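>>> sharing a model that was predicted from the sequence below.
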Amino acid sequence: MSSELILNKLSNSRKKIVVIIFIIGGSTLLIKKFLKRKNKKTEEKKVEKQRSSVDALFFKRLTEILKIVVGPRETFYIVILTFFLVSRTFLSVAIAEIVGQNAQALVSRSWRQMFIGIGKFAAITIPAAIINSCLKYFSSILALRFRVRLSYYVHDAYLSDNSFYKACNLGGKDRINNADQRVTADITRFCEAISELYTTAFKPILDVILFTFKLASVTGWQGPAVMYGYFAFSGFLKKVIMPSFGRIIARESELEGTYRTAHQRLITNSEEIAFYHGGDREKTIINNALKNLDKHIGGLRYLKAWVGVFDGLLVKYWASIMGYISLSMPIYFGLKGNDNKSSEELTRDYIRNSQILSNLAQAVGDLVLVGNKLTTIAGYTSRVSELLEQVRHLKDVGTTPFELDEESLKFYAKGNDSNATLQIQQSNNNNNNNNDNSNDNSNGKENSDNQSKNKIFDNPKAVKEWLQNWRARCDERARNVSYSKQERVVQGGGTYREGPSIEFHNVDIVSPEGRLLVKELNIKVSQGQHVMVTGPNGAGKSSLFRIIGELWPLHSGILVKPPIEDILFVPQKPYLVLGTLRDQIIYPHSRLQMQARGITDEDLCKLLTVVDPAGIILSNWQLDDEKDWFLAFSGGQKQRVAMARLFYHRPHYAILDECTSAVSDEVEDTIYETCAELGVTLFTVSHRYYLRKYHNYLLKFEGREGKWEWSEVPIQERRVNKLENTN
């Protein structure tokens, strides 16, 4: 029975009750759902805040770290440091007494007492200077010992059981962000801050106890009461206005790590970046990292400046006003027998009490400032503690199976990568017969659900038509390219000339160590003449392309080649830039440069579909997604994206250095056929005989005495000519 029939049988009053119940019930569910979502966001914010706040978690983490860094030797240094801190406090009390006696002698004009007081002061300055220097020395030594012990502890865990590999190569929660920054700079800063915290906290506590007792004995309880009442007020006010320095410091360390990582990537991938001529793009990335760091540190300095203003007012100047009130109370109210004292005695008491009060105020002020240091240390503690927790966790990771991603299971249940690729390849082979029905096969290849999800091309014919259109667009941009007639002569070396082909005339290839790799190379490679380069390791295959890319100077002879932007190098291990998925395809271009060329995101998706027919990449990520792509992509996906980058730039010449080793044969065929479709002339470095069919010539380096061999691939073995004829 439907709800409408039930309502018809009910009276009007009951209908109203039912409606009210439905409304209340629905509203309750909506409110619960809203509160649940709000509580979830609140909890996430709390977790983020707890990472770098001075709370129970901070003290728990700090205690665990102190158990690591404090050993027998460190305990010995702490005892010595404590001895010097106590000695300095007692010296401060003695100096206050001497200064008061000197003031009394000066007012009473007792020259003998004055000279004795000056002598006492001079004598006490010697141990005071020694103690102050020893405090700095043992504080720095203690920080060094903390750093050494903590670093050894981290090294033992980080460099055992392949934890360093897991930290760098496992994704998700198991990966340590900026591990080098945490292991080096963050540990150093933490240990220095902890060492300084001990000296800055222990001495004020001892000073407060001694000077409070001393001040109360000469001014009565009213003097310390006034001061502590004021400091309680100032401490509350500081807590209200104090920003969360812990999170800010943690963010600073993170940005420092990002900036350092950008430079490390530049060093690690210098050759790949040089081949792509990505210096300008890398400069933009590094400058942006520096700009973010500069902006953050500038804001931090600004906040500290304002906090310094309040610290100066509350702890220094306004505290002095309260100090005058405390000192004047015994004199004006006759406390502690001050009614019968002479002016000389009152002067002595005032100066002495001023010294004691000054030291007490400084001690309390230092304790207040310890709160600032704790917020800073909280940031370092969160970074170091997360490192330790993660390193411990990494010992267990790798011995347990990885968790399967449900989304990937659903995707692969529809059709696997290689089968889908094979389907596209078979469709391409039957394209001349206009047979577009090859998508329907019995092997479960890329079914209709997956096609509807990532449907970019309707059929293989559409792929070919779009590639032809893409080639025409690229040719239109390159139509006005002219070649310079000016020769460039390398000082003491060979000569560069610009031209539409690549020609070597009596070129010697010499390594930086002075080894002759290739002697008197004489070849000409016109556009459309694909070359396969083979030879043993160290024979000069990659060196040939370093010469073409002008990474190595031309030793001798004449090299004719197109402008450098018409040649693209695709290495076996593709370089993946910091940025979005879009940035991986258009590198070293920026998005603005891409748009200036009239290229859209839809074009990029089509380029990805050419190299990834199953659409796995676009199913998992959007073009605006930012990831650590070295970890996010599989080996085959990295090479597919690198080939999409090649098709995006569509140079006249491409140098492929084993860049398809991680993809299937079917995808490899698609890539080489697409290069022929787009008119890209290939230099391929490979030992795989299978790839001969896509080349016109073979260049073999012997690897001894600079010998080389140039031969033509038999016409009957070539597939490249058939492909070009169909175009």
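Now that the structure is in, tell me what you want to look at.
>>> ok, now how distant is Asp311 from Val54?
Using Cβ to Cβ, to the nearest Å, Asp311 is found at 17 Å from Val54. C-betas here are computed from N, CA, C, even on glycine.
>>> do the same with Pro224
27 Å.
>>> equivalent analysis for Ile209, please.
As for Ile209, its distance to Val54 is 23 Å (criterion: Cβ to Cβ).
>>> and the two? Which one has more around it.
Val54 (17 against 12; other Cβ atoms under 10 Å).
>>> how about the helices of the stretch 601-727 of the chain, start to end?
Listed from the start of the chain, the stretch 601-727 of the chain has helices (DSSP state H, counting those that start in this stretch) covering 601-611, 616-620, 629-632, 635-649, 665-678, 720-726.
>>> of all those, which one comes closest to Glu386?
Proximity to Glu386 (Cβ to Cβ) singles out helix 629-632 among the helices of the stretch 601-727 of the chain, at 18.4 Å.
>>> as a whole number, average confidence for that closest one?
Rounded to a whole number, the mean pLDDT of helix 629-632 is 86.
>>> then stretch 577-586?
Per-residue confidence for stretch 577-586 averages out to 92 on the pLDDT scale.
>>> with stretch 718-727 instead?
On average, stretch 718-727 scores 57.
>>> can you pull out the strands in the protein?
Counting by DSSP state E, the chain has these strands, from start to end: 488-489, 495-498, 502-510, 516-525, 531-534, 558-561, 567-570, 579-580, 626-627, 653-657, 681-685, 697-701, 708-712.
>>> the first one: how far from the chain's middle?
Centroid displacement of strand 488-489 relative to its chain, using Cα atoms, centre = their mean, to the nearest Å, is 42 Å.
>>> can you list the weak-confidence ranges in the stretch 401-550 of the chain?
Regions of the stretch 401-550 of the chain meeting the criterion pLDDT under 70 cover residues 401-455, 458, 478-481.
>>> and the strands of the chain as a markdown table, adding distance to Arg645 and mean neighbour count?
Listed next are the strands of the chain as a markdown table, based on distance: least, Cβ to Cβ, whole Å; neighbours: other Cβ atoms under 10 Å:
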| stretch | distance to Arg645 | mean neighbour count |
| --- | --- | --- |
| strand 488-489 | 28 | 12 |
| strand 495-498 | 24 | 16 |
| strand 502-510 | 21 | 20 |
| strand 516-525 | 22 | 18 |
| strand 531-534 | 21 | 22 |
| strand 558-561 | 21 | 20 |
| strand 567-570 | 8 | 24 |
| strand 579-580 | 13 | 18 |
| strand 626-627 | 16 | 15 |
| strand 653-657 | 10 | 23 |
| strand 681-685 | 15 | 23 |
| strand 697-701 | 25 | 19 |
| strand 708-712 | 30 | 13 |
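>>> which among those is found nearest to Tyr380?
With Cβ to Cβ as the measure, strand 626-627 is the member of the strands of the chain nearest Tyr380 (26.8 Å).
>>> parallel or antiparallel, list what pairs with that closest one.
In the sheet, strand 626-627 lines up against strand 579-580 (antiparallel) (DSSP bridges).
>>> got the contact list for the strand it pairs with?
285, 623-626 (Cβ atoms under 8 Å, 6 or more residues apart in numbering).
>>> correct me, but Thr534 touches Leu698?
Yes. If you go by Cβ atoms under 8 Å, Thr534 and Leu698 touch, sitting 6.7 Å apart.
>>> what ranges do the helices span in the stretch 51-200 of the chain?
56-69, 72-107, 111-158, 163-169, 179-181, 187-219.
>>> ok, of those helices, where does mean pLDDT dip lowest?
For the helices of the stretch 51-200 of the chain, the stretch scoring lowest in mean pLDDT is helix 163-169; its value is a mean of 67.
>>> any idea how many residues pack against the nearest residue to Phe211 once chain neighbours are set aside?
Distance criterion Cβ to Cβ, 6 or more residues apart in numbering; nearest residue to Phe211, sequence neighbours excluded, is Leu360 at 3.9 Å. Around Leu360 there are 27 other residues, counting by other Cβ under 10 Å.
>>> which ones are touching Phe545?
Taking Cβ under 8 Å, 6+ apart as the test, what Phe545 contacts is 275, 569, 655, 657, 683, 685.
>>> quick check, central residue of the chain?
Within the chain, the residue whose C-alpha comes closest to the C-alpha centroid is Thr258; the distance, by Cα atoms, centre = their mean, is 3.1 Å.
>>> what number of residues lie near Arg515?
Going by other Cβ under 10 Å, the residues that sit close to Arg515 add up to 12.
>>> same deal with Ile599?
For Ile599, the neighbour count with other Cβ under 10 Å is 21.
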